[in-house]
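Q: Just need the structure, nothing else, for what follows:
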Amino acid sequence: MPEKRRITLKDIAKGLGISVSTASRALNSYSGISEETIKMVKAYAEKHNYVPNTMAVNFRKNKTMTIGMIVPELVHYFFSSVISGALSEAKKRGYTVLVSQTDELLQNEIHAMRTMIGSSVDGVMISLSNQTYSSEHLQEFQEEGRPIVQFDKVIDSLDTPKVVVDDFEGAYAAVTHLIEQGFKKIAHLNGFKQVANSRLRMEGYQKALQDAGIAQYPDYIIHCRDISEEEGYQFTKKLMESSNPPDAIFCITDLVAMGAMNYLKDSGFDIPGQVGVVGFSNWDMANFVTPRLSSVDQKAFKIGEKACGVLIDMINAGAENTENKTYIIPTELKVRESSLRQSTASHDVS
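A: Below is the predicted model:
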């Protein structure tokens with residue numbers, strides 16, 4: 001039995017009595033092609049199981065239609081949500097995403113970038129590791145003529161577009177909320193000083209205290225190394241066993257906040273009666289602990305969508321024709337029981 005031949009773009013055009021270019025533009029939903037023609041061409045293609053020859057198309061465009069994404073962790077609510085946003089945007093625009101993780105190690109990040117070069121991806125989105133303080137290994141990729149978009153954890157020495165959340169305003173809103181709830185001795189479990197998002201969250205924390213005339217204690221700011229639940233537990237223990245314990249804790253991430261809450265519950269502290277807690281990320285698990293955790297929503301999915309969209313626009317326009325802007329995604333404070341002492345009437349309780 002002869003093998004059934006796969007239909008081509010020419011077959012579609014011939015079958016419908018239109019030009020090949022019209023068939024191609026309709027399949028890609030180009031502007032200037034009527035909705036009726038687009039529907040007709042797509043219906044014909046689906047009926048006859050048309051599969052585009054992407055290798056030939058990409059060869060003509062000098063593109064692989066594949067982009068890279070490098071994140072510190074895959075199994076992490078924030079980054080998994082960012083990845084989902086990027087995958088959604090890439091799919092809409094006909095791209096495949098190759099994802100790699102660094103485990104927060106610089107040597108893994110260097111290896112991942114060189115793998116991306118070897119894989120001939122058209123561009124890369126990257127959230128830097130906590131060990132990344134210079135950009136030489138990233139510039140290698142740019143020297144290949146391919147664009148990079150940084151997101152979340154970024155470095156200023158690398159001149160690229162950046163997609164970040166408004167870390168300062170998110171922290172400011174969280175600490176202002178704690179002050180409005182009657183907390184006056186507010187500690188901050190922060191991240192690496194050198195990392196931009198950690199620095200901005202600390203600055204937002206400090207400005208909220210300053211604007212409210214609340215005392216600031218240097219011992220109330222502790223810098224996490226691993227940004228882990230264990231650190232949240234141990235550093236909260238250190239704070240609460242000190243001679244001047246706080247009555248609230250603002251944490252760099254929800255994971256650190258979970259550790260803080262675990263220590264407080266294990267030690268018999270009432271949350272929020274004696275100690276209030278606010279995190280930053282708005283992970284799903286914030287809704288499933290007792291009491292539920294107040295947190296700053298980072299809009300992770302939107303970060304992924306935006307970073308991917310900016311990268312594909314750069315690929316299409318040529319990196320040299322793109323302005324290296326910083327795109328700031330607004331945050332939203334989700335108030336729950338871990339910080340709520342007063343009436344819920346004026347708060348976003350979710």
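
Q: need the strands for the chain, in chain order.
A: Using DSSP state E, the strands of the chain run over 66-71, 96-101, 124-126, 148-151, 162-165, 186-190, 221-223, 248-251, 276-281, 294-297, 326-329, 332-334.

Q: any idea of the angle the second one forms with strand 66-71?
A: So that's strand 96-101. Put simply, strand 96-101 runs at 20 degrees to strand 66-71, going by axes from the mean of the first three to the mean of the last three C-alpha atoms, to 10 degrees.

Q: Deepest in the core, which of the strands of the chain is it.
A: Ranked by mean neighbour count under mean count of other C-beta atoms under 10 Å, the strands of the chain are led by strand 248-251, which reaches a mean of 32. Where you see a C-beta, it was placed from the backbone N, CA and C, and this is true even at glycine.

Q: CA atoms only for that one - export them in PDB, please.
A: Output of strand 248-251 as PDB, limited to C-alpha atoms (Å, rounded to 0.1, in the frame of the first residue of the first chain):
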ATOM      1  CA  ALA A 248       6.000  41.300  63.900                       C
ATOM      2  CA  ILE A 249       8.200  39.900  61.200                       C
ATOM      3  CA  PHE A 250       8.200  40.800  57.500                       C
ATOM      4  CA  CYS A 251       9.900  38.000  55.500                       C
END
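
Q: which helices and strands sit right next to that strand?
A: For strand 248-251, the packing partners by 3 or more C-beta pairs under 8 Å, 6 or more residues apart in numbering; DSSP states H and E come out as helix 167-180, strand 186-190, helix 229-240, helix 254-266, strand 276-281.

Q: possible to save these as a markdown table with mean pLDDT and distance to Asp11?
A: Listed next are those as a markdown table, based on pLDDT from 0 to 100; distance: least, C-beta to C-beta, whole Å:
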| stretch | mean pLDDT | distance to Asp11 |
| --- | --- | --- |
| helix 167-180 | 98 | 54 |
| strand 186-190 | 98 | 62 |
| helix 229-240 | 98 | 58 |
| helix 254-266 | 97 | 54 |
| strand 276-281 | 97 | 51 |
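
Q: Quick one: closest of the ones you listed to Lys14.
A: Across those, Lys14 has its closest neighbour in strand 276-281 (54.7 Å, C-beta to C-beta).

Q: Ala286: how many residues sit nearby?
A: Residues lying near Ala286 (other C-beta atoms under 10 Å) number 22.

Q: pLDDT score for it?
A: Ala286 carries a pLDDT value of 92.

Q: repeat for the one 3 residues further on
A: The predicted local distance difference test score for Val289 is 95.

Q: shouldn't it be in contact with Gly259?
A: No - in this structure, Val289 is not within contact of Gly259 by C-beta atoms under 8 Å, at 11.4 Å.

Q: Those two: which has the busier surroundings?
A: Gly259 (24 against 19).

Q: Could you pull up the residues touching the nearest residue in space to that one that is not next to it in sequence?
A: Ranked by C-beta to C-beta, 6 or more residues apart in numbering and with sequence neighbours excluded, the top spatial neighbour of Gly259 is Gly232, at 2.4 Å. Gly232 makes contact with 189, 224, 251, 255-263 under the criterion C-beta atoms under 8 Å, 6 or more residues apart in numbering.

Q: need those in JSON lines with distance to Ser34, can you?
A: As requested, the contacts of Gly232 are arranged in JSON lines below (distance: C-beta to C-beta, whole Å):
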{"residue": "Leu189", "distance to Ser34": "58"}
{"residue": "Cys224", "distance to Ser34": "57"}
{"residue": "Cys251", "distance to Ser34": "55"}
{"residue": "Leu255", "distance to Ser34": "52"}
{"residue": "Val256", "distance to Ser34": "55"}
{"residue": "Ala257", "distance to Ser34": "54"}
{"residue": "Met258", "distance to Ser34": "54"}
{"residue": "Gly259", "distance to Ser34": "58"}
{"residue": "Ala260", "distance to Ser34": "59"}
{"residue": "Met261", "distance to Ser34": "58"}
{"residue": "Asn262", "distance to Ser34": "61"}
{"residue": "Tyr263", "distance to Ser34": "64"}
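
Q: so which of those comes closest to Ala208?
A: Distances from Ala208 to the contacts of Gly232, taken by C-beta to C-beta, are shortest for Cys251, at 14.7 Å.

Q: quick one: the closest one and Phe280 touch, right?
A: Yes - counting by C-beta under 8 Å, Cys251 does reach Phe280; the two are 6.6 Å apart.

Q: Overlap in contacts, the two.
A: Common contacts of Cys251 and Phe280 (C-beta under 8 Å, 6+ apart): Ala257.

Q: Who are the contact partners of Asp270?
A: For Asp270, no contacting residues are found, by C-beta under 8 Å, 6+ apart.

Q: Next, it: phi, psi?
A: phi -80, psi 130 (degrees, to the nearest 10).

Q: Would you mind measuring from it to Phe235?
A: Noted for Asp270: a distance of 20 Å to Phe235, by C-beta to C-beta, to the nearest Å.

Q: Ok, Gln131 next?
A: Applying C-beta to C-beta to Gln131 and Phe235 gives a distance of 21 Å.

Q: Comparing these two, which residue is more hemmed in?
A: Set side by side, Gln131 and Phe235 show more neighbours around Phe235, with 22 against 15, by other C-beta under 10 Å.

Q: what stretches of the chain score poorly on pLDDT?
A: Residue ranges of the chain with pLDDT under 70: 1-5, 52-62, 319-322, 343-350.

Q: let's see it at 50
A: Along the chain, segments meeting pLDDT under 50 span 1-3, 55-56, 59-60, 344-347.

Q: If anything else comes up later, I'll come back, but that's it for now.
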